[in-house]
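> after the sequence you'll find the predicted model.
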Amino acid sequence: MNPLLIDFPNAFETERLLIRSPLSGDGLMVNEAIVESYEELRQWMPWAHTLPSVSDSESNVRQASAEFLLRKNLRLHLFLKSSGQFVGSSGLHNLNWEAGCFEIGYWLRTSAVGQGLMTEAVQGIVDWAAHHLDAKRLEIRCDPRNHRSQHVAEQAGFHREAVLHQNTRDPQGLLRDTLIYVMLRLPKGTWGYPY
C-alpha cells in the first residue's frame, strides 16, 4: 500500500505526555530545549554539531512536518501534559513500510532527564506503531557509550540483537560501533523477542 494513503492519528497521549507531530511554530520551544541540552546532544547527535538559531529550528520543524505528511519520516514532539512544556523529540525513522520495520530515535532535554519520560514515550510509540502502522519490527540504534539511550531501550522492553562494529562515525568523526535493540510483533499481537 502507498504510505501516503495510510491514515493514522498525528497525536496521542501516555500517562504524562502528549505526543504529536511537529507543527509550524514549534521552532522556538525546540530551539530552547536544544540550547539547554546542547553539551549533551552534541556528544551523540550528528545534527547537533552547531548550535542552531531559532529560525534554523523553525525551518527544521517545518521540514519535519512536511516529511510527516509525506510519510517519509515520522518525527514526534513530546510535551508534558501537566504544563505543556516541550521536553524532547522522538519518532519513527528509516521507514520500511513494506516490511513494517521502523527505527525509533529520541532525545530529551537535560532538565527532563531521569524521570522515566523517554521510556514512557517509547512505550507509547510502540503501541501507536502497532495499532496504526501495522509495525512488525521496531529498532533502537545507539552508540555503546550512550548508557542512557541503552537504558531507555532496555526499560522499554527491547532486546539487544546485535553489535555492528565500526560501522559509522560519531559526531566527532571517530569510528564507532552501533548497538541494535529490537522488539518484534509476535503471534496474537504481543511484542517481544523470541530468539
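Now that the structure is in, tell me what you want to look at.

> which helix runs longest in this structure?
As assigned by DSSP state H, the longest helix anywhere in the chain is helix 27-44.

> buried stuff in that one?
Neighbour-count burial for helix 27-44 flags 27, 29-31, 33-34, 37-38, 40-42, 44 (criterion: 16 or more other CB atoms under 10 Å). C-betas here are computed from N, CA, C, even on glycine.

> and the residues you listed, which is closest to residue 109?
residue 33 (4.0 Å; CB to CB).

> from residue 48, how far off is that closest one?
In this view, residue 33 and residue 48 are 11 Å apart by CB to CB, to the nearest Å.

> can you tell me the SS state at the residue nearest to residue 79 when sequence neighbours are not counted?
Spatial nearest neighbour of residue 79, excluding adjacent residues (CB to CB, 6 or more residues apart in numbering): residue 18 at 4.5 Å. Following DSSP: H, G, I helix; E, B strand; the rest coil, residue 18 is assigned to strand.

> what's across from residue 18 in the sheet?
Beta-bridge pairing of residue 18 under DSSP bridges involves residue 13, residue 79.

> residue 42 and residue 52 touch, don't they?
No: in this structure, residue 42 is not within contact of residue 52 by CB atoms under 8 Å, at 11.5 Å.

> export the buried residues of helix 27-44 to a markdown table and append columns for distance to residue 101.
As requested, those are arranged in a markdown table below (distance: CB to CB, whole Å):
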| residue | distance to residue 101 |
| --- | --- |
| 27 | 30 |
| 29 | 31 |
| 30 | 27 |
| 31 | 32 |
| 33 | 29 |
| 34 | 29 |
| 37 | 29 |
| 38 | 32 |
| 40 | 29 |
| 41 | 26 |
| 42 | 29 |
| 44 | 23 |
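
> can you list the strands that the helix-or-strand element of the chain with minimal mean pLDDT pairs with?
One helix or strand of the chain scores below all others by mean pLDDT, DSSP states H and E: strand 191-192, with a mean of 86. Strand 191-192 pairs in its sheet with strand 175-185 (antiparallel), by DSSP bridges.

> where does pLDDT dip in this structure?
Scanning the chain for pLDDT under 70 picks out no residues.

> what segments of it are helices?
Under DSSP H, the chain gives helices at 27-44, 54-69, 117-132, 147-155.

> can you put these in JSON lines and add distance to residue 165?
Converted to JSON lines, these look like this (distance: least, CB to CB, whole Å):
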{"stretch": "helix 27-44", "distance to residue 165": "18"}
{"stretch": "helix 54-69", "distance to residue 165": "31"}
{"stretch": "helix 117-132", "distance to residue 165": "25"}
{"stretch": "helix 147-155", "distance to residue 165": "16"}
